[in-house]
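Colleague: coordinates only, sequence not included:
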């Protein structure tokens with residue numbers, strides 16, 4: 001008995017007292033899989049557990065339709081049949097139908113099987129900011145205000161575009177505020193790097209939306225690049241530098257990023273990504289992304305604790321806004337959920353300013369013109385360091401920044417290339433590609449008619465590589481890739497129009513030309529940056545683990561693989577980072593930067609210094625260990641495709657036959673027709 005037959009019979013039956021379970025399909029007979037709600041299964045022998053999940057906006061308290069399992073409603077009422085939609089009344093982003101040889105798979109995509117010709121595709125509803133699979137394509141569309149190809153007008157898409165970027169403010173500007181001071185940069189140089197990041201983010205987002213995956217995904221400095229950048233910054237050869245330390249290290253970073261990004265572009269445009277993606281599943285993506293957020297635990301609160309009354313307030317305000325006040329709407333917008341980071345920053349900044357003006361953070365006779373390292377008094381050294389982090393008037397970035405400044409390539413000088421740093425960045429670019437695979441899939445289920453093809457995925461990775469090359473040439477200090485937080489932003493703002501993201505990118509480019517904007521952002525106190533990063537890294541960890549919803553989250557196989565990946569991603573790097581450091585070691589870097597000086601004391605000591613550098617650095621990166629453990633175990637431990645939650649991308653032939661899919665992903669200006677012979681980077 002097919003699922004569609006069951007749906008028809010249940011829709012005509014008057015209220016079945018006890019629905020009969022569906023006989024397993026061919027793959028279920030082989031694997032013993034029993035379907036549950038939302039495509040998940042119970043991996044125990046106690047039988048399937050059915051939990052009602054409402055198809056609606058739980059945030060607003062509205063429930064539309066009870067969840068279904070095997071075509072039978074999980075409540076007391078019989079299922080209500082959905083009338084067929086007229087052909088002329090379809091929305092712009094709707095698909096033209098499901099091919100006869102395809103059925104929906106567990107992660108919302110079509111998979112080949114023997115099923116009746118027409119059936120509603122399974123897509124996703126957003127619950128608490130994250131997608132959850134539902135059986136009705138209409139429900140997903142009812143949730144989103146604007147889908148991929150919607151263009152309601154200049155004013156609405158302008159407002160939503162600016163809102164989209166403001167909600168991701170922390171992801172865009174916080175990384176330069178960490179790496180530039182670590183390189184010995186001044187407030188003015190921090191301001192210049194922030195403006196450069198905004199400019200490159202706007203340009204690369206336009207490139208990606210037009211010629212990459214064509215999904216509404218913002219490109220920017222990713223946290224994936226932060227740990228390896230800090231490892232390069234704290235390399236032994238840079239510890240003794242005095243004059244122009246910032247520019248010297250920045251040129252080294254630029255060279256490494258350019259080589260690593262060129263490798264990523266090669267990975268995409270040669271079609272190798274289409275082969276590699278067969279090894280990348282939700283069970284691999286989830287711990288890899290989660291490890292990126294977990295890896296900065298030693299940095300976050302260590303810096304917050306230097307001014308606990310400011311840093312703790314910053315964290316608490318962000319938590320209250322994003323969780324306790326998330327349901328409050330103003331003019332239809334959940335402002336506290338959408339703007340948790342910028343609102344929390346503004347309130348905490350005002351609080352710190354009032355304390356500063358009230359005299360709570362005076363230097364008490366200590367000479368502020370003398371560096372803390374040269375102060376004779378131990379009291380002044382500690383007090384000066386605390387006041388410098390708590391006060392909000394210590395930065396001269398806003399005053400020294402010009403009103404107009406155009407970021408230009410090679411503004412820090414000619415990049416310097418060293419193979420050992422470039423090799424580290426090549427591995428990091430591979431990890432960033434894994435990150436993007438999960439982001440492409442999750443965002444497409446929210447805003448597009450179908451997931452992209454493997455060719456579109458490869459094309460997107462290729463454009464990301466070129467974008468990171470531009471970031472290296474301009475000197476942002478990190479690569480420019482798809483931000484994982486974008487999925488949460490799309491789900492919360494309900495805005496998936498690529499036009500809005502493009503208009504917002506143009507606004508970001510204009511904003512980057514105003515030097516005072518970069519100076520204002522650069523003047524954010526250091527402890528407030530750390531407080532915001534604690535919230536952002538926790539969010540990144542949660543977003544990474546949310547990829548498990550596409551697999552059998554209750555499977556003992558998946559639980560063990562994810563658990564081992566996360567444990568070893570923390571344990572193995574800790575061994576490398578602590579090896580050779582004694583409690584009485586006189587290290588020249590702060591304690592929160594000690595995990596990134598592993599190249600000077602790691603356990604690998606061979607006669608090849610460059611090889612020691614590469615291996616000690618790579619094995620000290622949490623995301624690298626998580627990826628290696630997860631990809632090896634997931635591809636060697638037996639498990640069905642449904643259990644593993646294998647990403648099923650759209651077939652190229654089917655995508656070309658469906659106008660909706662072709663319009664979603666086809667290159668503009670008929671460019672795609674010129675490159676139709678390149679099968680691995682297009683429809």
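Modeller: Sure thing, it's come through. None of these values were measured; they are calculated from a predicted model.

Colleague: residue ranges in the chain under the pLDDT threshold?
Modeller: Low-confidence segments of the chain, defined by pLDDT under 70: 1-143, 363-384, 393-395, 582-588, 675-677, 679.

Colleague: which residues in it form strands?
Modeller: With DSSP state E, the ranges of strands along the chain come out as 68-69, 72-73, 102-104, 110-112, 123-127, 130-134, 219-221, 480-482.

Colleague: how much space separates the residue lying closest to residue 456 once chain neighbours are set aside from residue 298?
Modeller: Of all residues not flanking residue 456 in the chain, residue 665 sits nearest, at 4.8 Å (C-beta to C-beta, 6 or more residues apart in numbering). C-beta coordinates here come from the backbone N, C-alpha and C atoms, glycine included. Residue 665 sits 41 Å away from residue 298, going by C-beta to C-beta, to the nearest Å.

Colleague: ok, residue 589 next?
Modeller: For residue 589, the distance to residue 298 (C-beta to C-beta) stands at 12 Å.

Colleague: now do the contacts for the residue nearest to residue 456.
Modeller: Contacts for residue 665 (C-beta atoms under 8 Å, 6 or more residues apart in numbering) come out as 213, 214, 448, 452, 453, 456, 655, 683.

Colleague: okay, those residues in JSON lines with neighbour count next?
Modeller: Putting these into JSON lines (neighbours: other C-beta atoms under 10 Å) gives the following:
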{"residue": "213", "neighbour count": "26"}
{"residue": "214", "neighbour count": "25"}
{"residue": "448", "neighbour count": "28"}
{"residue": "452", "neighbour count": "26"}
{"residue": "453", "neighbour count": "25"}
{"residue": "456", "neighbour count": "28"}
{"residue": "655", "neighbour count": "25"}
{"residue": "683", "neighbour count": "22"}
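
Colleague: among these, which one lies nearest to residue 544?
Modeller: Nearest to residue 544 among the contacts of residue 665, counting by C-beta to C-beta, is residue 213 at 19.4 Å.

Colleague: how about residue 428, nearest residue that isn't a chain neighbour?
Modeller: The shortest distance from residue 428 to any residue other than its chain neighbours is 4.9 Å, reached at residue 228 (C-beta to C-beta, 6+ apart).

Colleague: which residues does that neighbour contact?
Modeller: 424, 425, 428, 617, 621.

Colleague: ok, it to residue 574 distance?
Modeller: The gap separating residue 228 from residue 574 is 17 Å, by C-beta to C-beta.

Colleague: do the same with residue 596
Modeller: Distance, residue 596 to residue 574, by C-beta to C-beta: 13 Å.

Colleague: can you check residue 265 too?
Modeller: Note on residue 265: its distance to residue 574, by C-beta to C-beta, is 34 Å.

Colleague: also residue 333?
Modeller: For residue 333 relative to residue 574 (C-beta to C-beta), the value is 43 Å.

Colleague: out of those two, which sits in the busier spot?
Modeller: Each of residue 333 and residue 574 has its neighbours counted (other C-beta atoms under 10 Å); residue 333 has more, 17 against 14.

Colleague: any idea what the more buried one is bridged to?
Modeller: Beta-bridge partners for residue 333, by DSSP bridges, are residue 330.

Colleague: just residue 480 next, same as before
Modeller: On DSSP bridges, the residues paired with residue 480 through beta bridges are residue 221.

Colleague: counting neighbours, what do you get for it?
Modeller: By other C-beta under 10 Å, the burial measure for residue 480, its neighbour count, is 33.

Colleague: ok, it - contacts?
Modeller: Residues in contact with residue 480 (C-beta under 8 Å, 6+ apart) are 200, 201, 204, 219, 220, 221, 222, 464, 467, 468, 470, 471.

Colleague: closest one to residue 492 out of those residues, please.
Modeller: residue 220 (17.6 Å).

Colleague: now the closest one. Nearest residue, chain neighbours left out?
Modeller: residue 201 (4.3 Å).

Colleague: residue boundaries of the helices in the stretch 451-600 of the chain?
Modeller: Ranges of helices within the stretch 451-600 of the chain are 454-474, 486-493, 498-512, 515-522, 526-545, 556-578, based on DSSP state H, counting those that start in this stretch.

Colleague: no more questions from me, cheers.
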